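*Asks:* Next come a sequence and a model predicted from it.
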Amino acid sequence: MFQLISQTDYKFMRIRRQAFIFSGVLILASFLGWLIQGGFNLGIDFSGGLMIEYLFNQKLPLDEVRNTVTGIGFQGAEITDIQGNPKNLMIRVPMQGSRSANDMSPSAQILAALQEKYPGLEGDLYLEESVGPKIGSELRGKATMAVLISLLGILIYIAIRFELKFAFAAVLALFHDVLITLGVFAILQREITLPVIAALLTIGGYSVNDTIIVFDRIREQLKIRRRVPFEDILDLSINQTLSRTIITASTTLFTVLALFILGGQVIHDFALAMLLGITIGTYSSIFVASSTVLVIQNLFNRARPSATGRIKTEASPAPSQ
Amino acid sequence: MARGLRWKFLILIILFLGAIYLIYPSLRLYSMDAGQLAALSEETRASLKEKSLRLGLDLQGGMHLILELDRSQLKEGEVDDAMDRAMEILSNRIDQFGVSEPIIQQQGDDRIVVQLPGLLDKERAVQLIGQTALLEFKLVKTEAEAIQVLERVDRSVARILRPAVADSLDTLGVKSFNPILDLIPRYPQTFIGGVLIPDDSVDDLQRIFKEVNIDSLVPRDAMLSLGTEEFNLGDGSTGQILYVLNKRTELTGAVVKNARMDVGLNQNAPNAPGVELTLDRDGTRIFRRVSGANVGKQLAIVLDGKVRSAPVFRERIPNGVASITGSFTDEQARDLAIILRAGALPAEVHIIEERTVGPSLGRDSIRQGVQAGLLGGLLVVLFIIIYYRVSGILAVMALCLNLLFLFAVLAGLRGTLTLPGIAGIVLTIGMAVDANVLVFERIREELRTGKTVSQAVRSGYARALTTILDANLTTLISAVVLFNFGTGPIKGFAITLMIGIIANVYTAVFVTRLFFDVVLSRRRLENLSI
């Protein structure tokens, strides 16, 4: 048998304080980053606007392109080159209201204006996206709805399959993963687009998936080892599932990394979100989720000493007694 | 082989063959080159395409539009009817334009989704779809009437603009202020149904019109409209005609029975393309009357508020044939004929969302997506085989089966493969392995406790089952939500993820188990390569 991780006996519960501090720092940093950067960089899917990408047959000075584009009425246009190719330009314009279909499309207007200035210029239109302000706010609403409903669905499912404290911890871990991923996006000012929202929901699914596998083991161990303290059961379960957690994270990361490096610009942000989310999700399912269960359990026990969990499992008569 | 095993094996074979059956047309279609495809009969090609996995607009290039009918132009209660008409007219226009597999769907009360896949001349398509194509025939005012209107408008405009420029004018010693008339060179000039505005001044004129809200200043029975034709001003420069028209519409496009592109419709420009209109019975009657009563006058042909041309009635026209000439290319004339045949949209449409992917980007996306998929898949396969040896090979076989099922179901559902869809598949590969890892790790654990191979396999699967179900169901919840709330591209991702998850559970829980069982039923293994 070839093993990356042999049977381990790490005491994860003992370092739960450090884990909470670490996570707390990450979340605080995310929040501060969001605050300092002045919020998220919402893509045109949500803010509305115009995005045009051209591959030109000659290099164009960005400043002059910006002047030309603003000159024909696209106020606030931003011009960037893509992946360092000065012929491959992306033009973004914040929304200016929806346009009548009788008009020439913005990409054609821009190309015509540029061609007037640079004779012989040819442009291969790679991409043109325009989202009206109404659609933008609708998509924002839909995305928020999707995130909330999916969270609720997961919460209900876990609450049915496990106890409420597990459901609570799993959803907390999920929030943890999604918030930190969002935080990195805010700090780097990467765009929040529809595919990124899809990635966030997938991260949610993955995070819960990862957490549940540990919780499943905890549930199983609670039944078998009735005399073992709750804390040790948690450690044992995490250790027993550790090799699976690492292997699955690695194989998923392989594929996401391939998407990130080779998938092309369209999928790049999606892959980045997945990359972050899976890494953080793996961390949280090992260090945060079960620790949270323990904290809730302890709070619960202090409040009502005769409650379930550790007390109950210890109090229930073992066959040998 | 035990009885139960035989049944399971049979089911697997049936599913496998079913998947091959569903995926075969797609394999055939996408392995053919353009020549081979052209060699097929029309019918075979259509049925092959119908049964194949479609490529999304982001992969093959194309245009996705969401149009909104401008309700403000409609009366209450007209919206439903207008939507039905708009849908029909758009369908007609697009049919005649000749795009393969267009999608035209109503969305909500006042929206229309239009998808045109493949290579296309985007500008032309937008023009064709978006042009309201409200065709009106209006009489041009006589010179005396026109001058009266222009001077009156000029005075009104001056009154509005005066305060702003009064100071500068006074210091220059300019007494009269004629904001409109000043833009007309050599006024009063030779009258040609309107006055010529040099190109340099057109922008100024339009700015003034916008600033003072010109429609409110024009006498009630008249309207001003800039023509679309370029006219030579004689001194080498060019300009456009500002027409002074009767507000009253004599005829509309509703009476057009047929429209076709033709050349030689205008005697002055024998090679210029134009559109010849054949009017219906009512139209012919009205046209006969109007032409008879206005011999020597000009009739302006106004399309979407702009004068296309303004021919002179030389005589009474009895046969109901009219023509539109002006600065057209062949293609524009042909498209205009299509639009006029299909009819005018009941109201202006706005493009509220557009997503166009050029064919070059589409090709790049496919190439990169496939490369990423292959590399990611290869890494996973290598890892699994090195780590789990023979059992790893079983898992890889299951993974391949998983992908086969995924593509087959997608093809069977007439699904569309989009770029996020490919991402979903790549993710499925990553997660498909998870179920196998769960089982294999569990079997390893069981082996460590000293169980025999067949015992370990049995309890390994049994114990991993609930975990696998729990884990996959939660991901399924996210996928279902994404599917219901997501739009276009996200839906594609959600669909592949959903199918992938279901295929995962089947292949990981039943198929690899079956492989193990078949091997174990043949011989007793002392050691398991896992």
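*Replies:* Now that the structure is in, tell me what you want to look at.

*Asks:* Let me see the ranges of the helices in the stretch 101-250 of chain A.
*Replies:* In chain order, the stretch 101-250 of chain A shows helices spanning A:106-117, A:133-161, A:164-188, A:194-224, A:230-262, with DSSP state H, counting those that start in this stretch as the criterion.

*Asks:* what is the mean pLDDT for the last one?
*Replies:* Summarised as a single mean, pLDDT over helix A:230-262 is 91.

*Asks:* tell me the angle of that helix relative to helix A:194-224?
*Replies:* Angle of helix A:230-262 versus helix A:194-224, following axes from the mean of the first three to the mean of the last three Cα atoms, to 10 degrees, is 150 degrees.

*Asks:* For helix A:230-262, name the packing helices and strands.
*Replies:* Contact partners of helix A:230-262 among helices and strands, from 3 or more Cβ pairs under 8 Å, 6 or more residues apart in numbering or on different chains; DSSP states H and E: helix A:194-224, helix A:265-287, helix A:289-303, helix A:310-315, helix B:359-412, helix B:419-448. To be clear about C-beta, it is placed using only N, CA and C from the backbone, and glycine gets the same treatment.

*Asks:* per-stretch mean pLDDT over those, give me the minimum one.
*Replies:* Looking at the helices and strands packed on helix A:230-262, the bottom one is helix A:310-315 with a mean of 43.

*Asks:* rewinding a little: can I get the helices and strands packed on helix A:230-262 in JSON lines with distance to B:Ala158 and mean neighbour count?
*Replies:* Output for these, formatted as JSON lines (distance: least, Cβ to Cβ, whole Å; neighbours: other Cβ atoms under 10 Å in any protein chain shown):
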{"stretch": "helix A:194-224", "distance to B:Ala158": "52", "mean neighbour count": "24"}
{"stretch": "helix A:265-287", "distance to B:Ala158": "55", "mean neighbour count": "23"}
{"stretch": "helix A:289-303", "distance to B:Ala158": "76", "mean neighbour count": "19"}
{"stretch": "helix A:310-315", "distance to B:Ala158": "91", "mean neighbour count": "15"}
{"stretch": "helix B:359-412", "distance to B:Ala158": "53", "mean neighbour count": "20"}
{"stretch": "helix B:419-448", "distance to B:Ala158": "58", "mean neighbour count": "25"}
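
*Asks:* right, and these - which one's nearest B:Gly62?
*Replies:* Distance to B:Gly62, taken as Cβ to Cβ, is lowest for helix B:359-412 among those, at 7.8 Å.

*Asks:* related to what we said a few turns ago, can you tell me which of the helices and strands packed on helix A:230-262 is nearest to A:Ile246?
*Replies:* Using Cβ to Cβ, the helices and strands packed on helix A:230-262 put helix A:265-287 closest to A:Ile246, at 7.6 Å.

*Asks:* does any part of that closest one sit near chain B?
*Replies:* Yes. Using Cβ under 8 Å from any Cβ of the partner chain, helix A:265-287 reaches chain B at A:266-267, A:270-271, A:274.

*Asks:* For the spatially most central residue of chain A, give me its contacts.
*Replies:* Ranked by distance to the mean C-alpha position of chain A (Cα atoms, centre = their mean), the top residue is A:Leu200 at 3.6 Å. By Cβ atoms under 8 Å, 6 or more residues apart in numbering or on different chains, the residues touching A:Leu200 are A:147, A:178, A:181-182, A:273, A:277.

*Asks:* tell me which of those is nearest to chain B?
*Replies:* The shortest approach to chain B among the contacts of A:Leu200 belongs to A:Val147, at 8.5 Å (Cβ to the nearest Cβ).

*Asks:* Might you report the residue contacts of that closest one?
*Replies:* A:197, A:200-201, A:204.

*Asks:* make it 10 Å
*Replies:* Neighbouring residues of A:Val147 by Cβ atoms under 10 Å, 6 or more residues apart in numbering or on different chains: A:178, A:197, A:200-201, A:204, B:478, B:481-482, B:485.

*Asks:* which one among these gets closest to B:Ile502?
*Replies:* The closest of the contacts of A:Val147, once distances to B:Ile502 are taken by Cβ to Cβ, is B:Ser478, at 14.1 Å.

*Asks:* May I have the secondary structure class of that closest one?
*Replies:* Following DSSP: H, G, I helix; E, B strand; the rest coil, B:Ser478 is assigned to helix.

*Asks:* where's it relative to chain A, distance?
*Replies:* 4 Å (Cβ to the nearest Cβ, to the nearest Å).

*Asks:* On the pLDDT front, check the closest residue to chain B within chain A for me.
*Replies:* Chain A approaches chain B most closely through A:Ala101 (2.4 Å), counting by Cβ to the nearest Cβ. Looking at A:Ala101, its pLDDT reads 73.
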